[in-house]
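J.: Mind looking at a prediction? Sequence and model below.
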Amino acid sequence: RPTLSEKNYMFSVSPANEEEIKNESTRHDYKNGTSQYLPHIIIIGVRKGGTRALLEMLSLHSDISAAESEIHFFDSEDQYKRGLSWYLGQMPFSYSHQFTVEKTPAYFTSNIVPERIYNMNSTIRLLLILRDPIERVLSDYTQVFYNHKQKNKTYPPVEDLLLKNGELNTDYKAINRSLYYSFMENWLTYFPLKNIHIVDGDRLIKEPFPEMQKVERFLNLSPQINASNFYFNKTKGFYCLRDGGRDRCLHESKGRAHPQIKPYLLGKLRDYFDEPNKKFFELVGQKFDWL
Ligand SMILES: Nc1ncnc2c1ncn2[C@@H]1O[C@H](COP(=O)(O)OS(=O)(=O)O)[C@@H](OP(=O)(O)O)[C@H]1O
């Protein structure tokens, strides 16, 4: 792994020709034999779907090299105009047999991202982790609630955001982001379904191993991740990872309690998502156990 100064040095290298970078997908070799590659795999979302858990679990595999932070290259105008050479510089150092992966959950719900990723690599493999849309709304709310809390700011109770004049507030961003069907349609105009693997985020929470086996198969990775890589942590209430004797759980911001909502409001949410969920199942030819 590079030291911080090595990484800084990488950033100061003058950007090479965009096409050259795209074609070769590497910048240059180091004496330790490692290089940076444009991602072979991208976890495109969804926000609060379990993207971090998926990335960490995938990293258990020795053929995977993952970017630690979210890059936001394709969804941010400021980053995108820096070009592929900048993007490449954000990638981890890896060996040529490894697949480079990055995750940015905001990609899935952005209209412009599918086309931009397609322009970089039309055959890239995409991972999309989805969760029950209502659970995702509550997780999204909880995330923003804690962001406000950290800044000593108040945030309205969830019901105030979910309702407007007694009806479901369909303008609420968190509700919109759970309309998977509308976003997926756009992705499928650029990528064939066979190149997008949908991970069941609810199952990944309850039984990570079988979900990760499916991911390994989709990526044509050797079956390396095994059941002993996961252990249930009662205090956290989630599975944690065991990697070469090293135990680690996800950050405390992952797996927070969600607010309880009243049954009539839950009913409104169920009614609202019923149709788009069905359309989504039809679109992807796969069913999920959503409320
Ligand atoms: N093993 C394990 N440990 C902890 N948390 C887990 C795990 N597997 C999945 N999850 C779920 O991941 C949810 C967070 O999703 P993301 O990482 O995609 O969030 S983010 O969009 O990057 O902020 C997070 O959502 P919340 O429960 O709302 O906190 C978790 O439910």
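T.: That came through fine. Values in this document were obtained by computation on a predicted structure and should not be read as measured data.
J.: any idea of the mean pLDDT for the helix or strand containing residue 264?
T.: Here residue 264 sits within helix 263-284, counting by DSSP states H and E. Across helix 263-284, pLDDT averages out at 97.
J.: Can you work out which other helices and strands pack against it?
T.: Packing partners of helix 263-284 (3 or more CB pairs under 8 Å, 6 or more residues apart in numbering; DSSP states H and E): helix 133-150, helix 158-162, strand 167-168, helix 180-188. C-beta here means a position set from N, CA and C on the backbone, and glycine is covered the same way.
J.: mind giving me CSV with these and columns for mean neighbour count?
T.: Converted to CSV, the helices and strands packed on helix 263-284 look like this (neighbours: other CB atoms under 10 Å):
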stretch, mean neighbour count
helix 133-150, 18
helix 158-162, 17
strand 167-168, 12
helix 180-188, 19
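J.: For the ligand, find the nearest of these.
T.: Of all these, helix 133-150 sits nearest to the ligand, with 3.2 Å by CB to the nearest ligand atom.
J.: Which residues does that closest one contact?
T.: With CB atoms under 8 Å, 6 or more residues apart in numbering as the test, helix 133-150 has contacts from 46-49, 130-131, 154-155, 158, 161-162, 173-175, 177-180, 202, 253, 256-259, 261, 266, 269-270, 273, 276-277, 290-291.
J.: does any bit of it sit next to the ligand?
T.: Yes - contact between helix 133-150 and the ligand, assessed by CB under 6 Å from any ligand atom, occurs at 139, 142, 143.
J.: for these, which one is nearest residue 91?
T.: Distance to residue 91, by CB to CB, is smallest for residue 143 among those, at 26.2 Å.
J.: just to revisit the earlier point, which among the contacts of helix 133-150 are in contact with the ligand?
T.: 47, 48, 49, 256.
J.: Reduced to three states, what does the second one come out as?
T.: If I follow you right, that is residue 48. coil (DSSP: H, G, I helix; E, B strand; the rest coil).
J.: so how far is stretch 187-201 off the chain centroid?
T.: 13 Å (CA atoms, centre = their mean, to the nearest Å).
J.: Now it: average pLDDT?
T.: Averaging pLDDT along stretch 187-201 yields 98.
J.: Around residue 223, how many other residues sit close by?
T.: Close neighbours of residue 223, defined as other CB atoms under 10 Å, add up to 10.
J.: Chain neighbours aside, what residue packs nearest to it?
T.: Of all residues not flanking residue 223 in the chain, residue 216 sits nearest, at 5.8 Å (CB to CB, 6 or more residues apart in numbering).
J.: Could you verify my assumption that that neighbour touches residue 225?
T.: Yes - using CB atoms under 8 Å, residue 216 is in contact with residue 225, at 6.1 Å.
J.: Next, count neighbours for residue 264.
T.: There are 7 residues near residue 264, going by other CB under 10 Å.
J.: how much space between it and the ligand?
T.: The gap separating residue 264 from the ligand is 23 Å, by CB to the nearest ligand atom, to the nearest Å.
J.: contacting residues for that residue?
T.: Applying CB under 8 Å, 6+ apart, no residues contact residue 264.
J.: do the same with residue 186
T.: Listed by CB under 8 Å, 6+ apart, the contact partners of residue 186 are 111, 114.
J.: Name the nearest of the ones next to the ligand among the contacts of helix 133-150 relative to residue 210.
T.: For these, the residue nearest residue 210 by CB to CB is residue 49; the value is 17.3 Å.
J.: Tell me who's in contact with the nearest residue to residue 277 once chain neighbours are set aside.
T.: Closest residue to residue 277 apart from its sequence neighbours, by CB to CB, 6+ apart: residue 290 at 5.7 Å. For residue 290, the contacting residues are 132, 133, 134, 202, 273, 277, by CB under 8 Å, 6+ apart.
J.: Touching, the fifth one and residue 180? I think so.
T.: No - using CB under 8 Å, residue 273 makes no contact with residue 180, being 9.4 Å away.
J.: which outside residues touch the helix or strand hosting residue 119?
T.: Taking DSSP H and E as the criterion, residue 119 maps to helix 113-120. For helix 113-120, contacts defined as CB under 8 Å, 6+ apart pick out 22, 38, 42, 44, 74-75, 80, 84, 107, 124, 126, 186-187, 189-191.
J.: Report the distance from the helix holding residue 264 to the chain centre.
T.: On CA atoms, centre = their mean, the centre of helix 263-284 falls 22 Å from that of its chain.
J.: Would you mind listing the buried residues in that helix?
T.: For helix 263-284, a neighbour-count test (16 or more other CB atoms under 10 Å) marks 268, 269, 272, 273, 277, 279, 280, 284 as buried.
J.: Fine by me, we can end here.
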